[in-house]
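>>> Okay, predicted coordinates and the sequence, questions at the end:
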Amino acid sequence: MTSVLPPTLPKGILPAAPDAALPAARRDIAPLLLVPALMLAMLPLVGSFPTWITLTVAGLAMGMMIFIMSSGLTLVFGLMDVLNFGHGAFVAVGAYAATMVLLPMHGWLEADSLLLNLGVLGLAMLVAMLVTALLGWAFERVIIMPVYGQHLKQILITMGGMIVAEQLISVIWGAEHIALPLPASLRGAIVLGDAAIEKYRLVAVAVGLVVFAAMFLVLNRTKIGLLIRAGVENREMVEALGYRVRRLFVAVFAAGSALAGLGGVMWGLYKETLSASMGSEVMVMIFIVIIIGGLGSVGGCFIGALLMALVANYAGFLAPKLALVSNIGLMIAVLLWRPAGLFSNARR
Amino acid sequence: MINQLFSGDLPRSRVLGAALIAVFLGLAFAPFLTSGARPLNTAATICIYIVLVASYDLLLGYTGIVSFAHTMFFGIGAYGVGLGLSGDTPGWSGAATGLVLALMLTIVLALIVGLFALRVRAIFYAMITLAVAASFAVLASQLSDFTGGEDGKTFSVPELLSPGFRLIENEIAGRAIDGKLITYYIVFFGCLLLFLFLLRLVNSPFGRVLQAIRENEFRAEALGYRTMVYRIWANCLAALVAALAGALMALWLRYVGPKTMLGFEVMTDILLIVVIGGMGTMYGAVIGAALFIVAQNYLKTLMANSAPALAGIPILSDALHPDRWMLWLGVLFVLSIYFFPTGIVGKLRGTVHSK
């Protein structure tokens, strides 16, 4: 990591009394307002309120799933300056690992009990996260460790990892598409007034919020989070204080992979079918989201994912032809406004 | 003379020279050495991939730019010719119009992508080009009225190139001089010219600047080169050559479709070839493409023949299934990045310019 010179302080601050509080960082709220503003702006365009509700919930659910898939990638990039082009492979492996639980326990999935259904789903998610975390740990050890700090090689080698992983999925689970049914009590929709909301989307929103809250709390309220943030700021200093930053980073990589696995399970259930190439398919969305959000920013990733999914859903309803390029249009618009993404890490 | 033709960049290795001559002779006389459609198809694909990969090497190996939008330009060239010829009466004017329009679109897109994204770091550029190329592929497969959608479009070619046409009645060396043969030689010489042009380019002062940018952009800038301008030029030239390769591909296949022209698989193929063949050596494209395409066409058959012997062993027999040949190439790819960063050609030349 390059050493970062301390920022030169404005002249007024230096002679201040020793007990004066540090000036608080200015909050950047403009991006936070984008999502509500977009939702409100679309209400008159969509016309009918129930349709708007349906579209918005669908968009939020999709956005949450994309957030879960991409948060790990952007976290790892922020911390370790490693961009894993094979991240999509973890998404696919997570989804396939879930089938090891979901398909044998088919009976429980069909049972007419919400508790049983959610239990199986939770177990599947747990297995998926465990498998992808282990895989991520191995991936970091074998593939990425030798190429820290070399971006060109990182891109190529993780791309190669992705190709191998995609083929291995076909070897282990077979090359055919696998149908992944939703648990019985999560099928269908609830009707609220005139608006139909699919149940699974509500689950996706809930899981997404939980993941976001957990990440936020861990990063901002725990000692581990403090160390992670400090390690990002100045690795040498944290190491000099006696903490093993390297081990911390590996743990974060595994956690990021586990998040990808979780996102993969949810995405697989959302699509209801799995294919080995699903990793490279979601990769494009993930990249657009983290570009929009600003590389390395978890908050930006959250907003970017919601924005992208909402825009895609609204555009799909209002102008289906336009929906195909809505992602790229959004990316260009955001980058014209803020060339480094919504929340840019100024130092990088 | 030879030195001039190769722009002073001789193979510098006896084995490499022999391999290059073998590939050249094999491709030049392919129609007479073999019979049947499949070997000739393999040869034409090798020719086109050599150019496609070499133009990508201009970006990746010589300038150090990782772009994932190369298939987009390949596809634009192919679709330009394909759509130009897909009218009722296919003629040269249609093909020429399509090609010119495609080249113009290529330049414009390459400029936009370049201006927009080349200011940023390698990782950012790679991600943006991946997103743009994927959206373009989706667009091409969805605008089915215009592009034929997912199925693509088959079209006929001008009479001179159609299989029924006979240039002379008699056969030469047991081969009828028909439209297919003429098309093959158009592809062959087109690719040869493009390849020699690229070779000239990388060995010119311009190419040296690109290499300087690859090695140390900051220093190149400090020497007074406007690195942005050079990178955008490299981007545009590589895109143009890729589009021309695409045009030849469409002419040869008489078909354009999103999967063969724009698919992400094509991009991974290019990456595999360029790395295994050797980055930053134009000859890597030749050796890599020849090996890869031959493997693609014949390794499957070989693996299918050996599969029954392993039928009893569970995982291994799946891993050696003929459809899994990419697995082994992927492993080779990762290993070659670690252990032979200069690929086959670099290894043969014995020069390791480590970074």
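Alright, I've got the coordinates. Numbers count the residues shown, from 1 in each chain, chains lettered A, B, ... in the order given.
>>> Go ahead and confirm residue A:82 touches residue A:150.
No. Assessed by CB atoms under 8 Å, residue A:82 is found out of contact with residue A:150, at 10.1 Å. (Glycine included, C-beta is placed from N, CA and C.)
>>> Neighbour count: the two, which is higher?
Ranked by neighbour count (other CB atoms under 10 Å in any protein chain shown), residue A:82 and residue A:150 place residue A:82 first, with 22 against 13.
>>> give the contact list for the more buried one.
By CB atoms under 8 Å, 6 or more residues apart in numbering or on different chains, residue A:82 lies in contact with A:76, A:144, A:148, A:154, A:253.
>>> Is there a quick PyMOL command that grabs whichever of these are buried?
Entered in PyMOL, the line below selects the buried ones among the contacts of residue A:82, by 16 or more other CB atoms under 10 Å in any protein chain shown:
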select buried, chain A and resi 76+144+154+253
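>>> Out of the contacts of residue A:82, which are close to chain B?
Residues of these in contact with chain B (CB under 8 Å from any CB of the partner chain): residue A:154.
>>> Looking at the contacts of residue A:82, which is nearest residue B:289?
residue A:154 (25.2 Å; CB to CB).
>>> Might one say that the closest one is in contact with residue A:147?
Yes. Residue A:154 is within contact range of residue A:147, at 5.2 Å (criterion: CB under 8 Å).
>>> Show me which positions of whatever helix or strand residue B:260 lives in end up buried.
Per DSSP states H and E, residue B:260 falls inside helix B:258-261. Neighbour counts over helix B:258-261 (16+ other CB under 10 Å) mark B:258, B:260, B:261 as buried.
>>> Show the model's pLDDT score for the last one.
Just to be clear, that refers to residue B:261. In the predicted model, residue B:261 carries a pLDDT score of 86.
>>> if I look at the closest residue to it other than its chain neighbours, how far off is residue A:166?
Distances taken as CB to CB, 6 or more residues apart in numbering or on different chains put residue B:75 closest to residue B:261, at 4.0 Å, once the chain neighbours are dropped. Note on residue B:75: its distance to residue A:166, by CB to CB, to the nearest Å, is 22 Å.
>>> ok, now residue B:280?
27 Å.
>>> Please name the residues that touch the spatially most central residue of chain B.
What sits nearest the mean C-alpha location of chain B, by CA atoms, centre = their mean, is residue B:52, with 2.1 Å. If a contact means CB under 8 Å, 6+ apart, then residue B:52 has B:70, B:74, B:242, B:245, B:246, B:270, B:289 as its contacts.
>>> all helices of chain A, in order?
Taking DSSP state H as the test, the helices found in chain A are A:30-46, A:49-80, A:87-102, A:106-110, A:114-139, A:151-173, A:199-221, A:223-233, A:235-240, A:245-271, A:278-293, A:298-318, A:320-323, A:326-337.
>>> Could you provide the ones you listed in CSV, with additional columns for mean pLDDT?
Shown next, in CSV, are the helices of chain A (pLDDT from 0 to 100):
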stretch, mean pLDDT
helix A:30-46, 86
helix A:49-80, 90
helix A:87-102, 92
helix A:106-110, 77
helix A:114-139, 91
helix A:151-173, 89
helix A:199-221, 91
helix A:223-233, 83
helix A:235-240, 86
helix A:245-271, 91
helix A:278-293, 90
helix A:298-318, 91
helix A:320-323, 79
helix A:326-337, 88
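>>> Residues of chain B that sit close to chain A?
So chain B meets chain A at B:64, B:66, B:116, B:121-124, B:126-128, B:130-132, B:134-135, B:138-139, B:142, B:264, B:268, B:271-272, B:275, B:315, B:318-319, B:321, B:323-324, B:326-327, B:329-331, B:333-334, B:337-338, B:341, B:355 (CB under 8 Å from any CB).
>>> Of those residues, which count as buried by neighbour count?
B:64, B:66, B:116, B:122-124, B:126-128, B:130-132, B:134-135, B:138-139, B:142, B:264, B:268, B:271-272, B:275, B:318-319, B:321, B:324, B:326-327, B:329-330, B:333-334, B:337, B:341.
>>> how many other residues sit next to the nearest residue in space to residue A:342 that is not next to it in sequence?
Nearest non-adjacent residue to residue A:342, counting by CB to CB, 6+ apart: residue A:31, 4.0 Å away. For residue A:31, the count of nearby residues is 22 (other CB under 10 Å).
>>> contacting residues for residue A:31?
A:300, A:303, A:342, A:343.
>>> That one and chain B: what is the separation?
19 Å (CB to the nearest CB, to the nearest Å).
>>> For that residue, give its distance to residue B:271.
34 Å.
>>> still on that earlier bit, the residue nearest to residue B:261 - that's part of a helix, no?
Yes. Checked against DSSP: H, G, I helix; E, B strand; the rest coil, residue B:75 lies within a helix.
>>> quick one on the thing from earlier: grab the CA positions of whichever helix or strand comes after the helix holding residue B:260 and hand them over as PDB.
As assigned by DSSP H and E, the chain's next helix or strand after helix B:258-261 is helix B:264-277. Once non-C-alpha atoms are left out, helix B:264-277 reads as follows in PDB (Å, rounded to 0.1, in the frame of the first residue of the first chain):
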ATOM      1  CA  PHE B 264     -18.800 -13.300 -23.700                       C
ATOM      2  CA  GLU B 265     -17.400 -16.700 -24.600                       C
ATOM      3  CA  VAL B 266     -15.600 -15.100 -27.500                       C
ATOM      4  CA  MET B 267     -14.100 -12.600 -25.100                       C
ATOM      5  CA  THR B 268     -12.800 -15.300 -22.800                       C
ATOM      6  CA  ASP B 269     -11.400 -17.200 -25.800                       C
ATOM      7  CA  ILE B 270      -9.500 -14.100 -26.800                       C
ATOM      8  CA  LEU B 271      -8.100 -13.700 -23.300                       C
ATOM      9  CA  LEU B 272      -7.100 -17.300 -23.100                       C
ATOM     10  CA  ILE B 273      -5.300 -17.200 -26.400                       C
ATOM     11  CA  VAL B 274      -3.500 -14.000 -25.800                       C
ATOM     12  CA  VAL B 275      -2.200 -15.000 -22.400                       C
ATOM     13  CA  ILE B 276      -1.300 -18.600 -23.300                       C
ATOM     14  CA  GLY B 277       0.300 -17.500 -26.600                       C
END
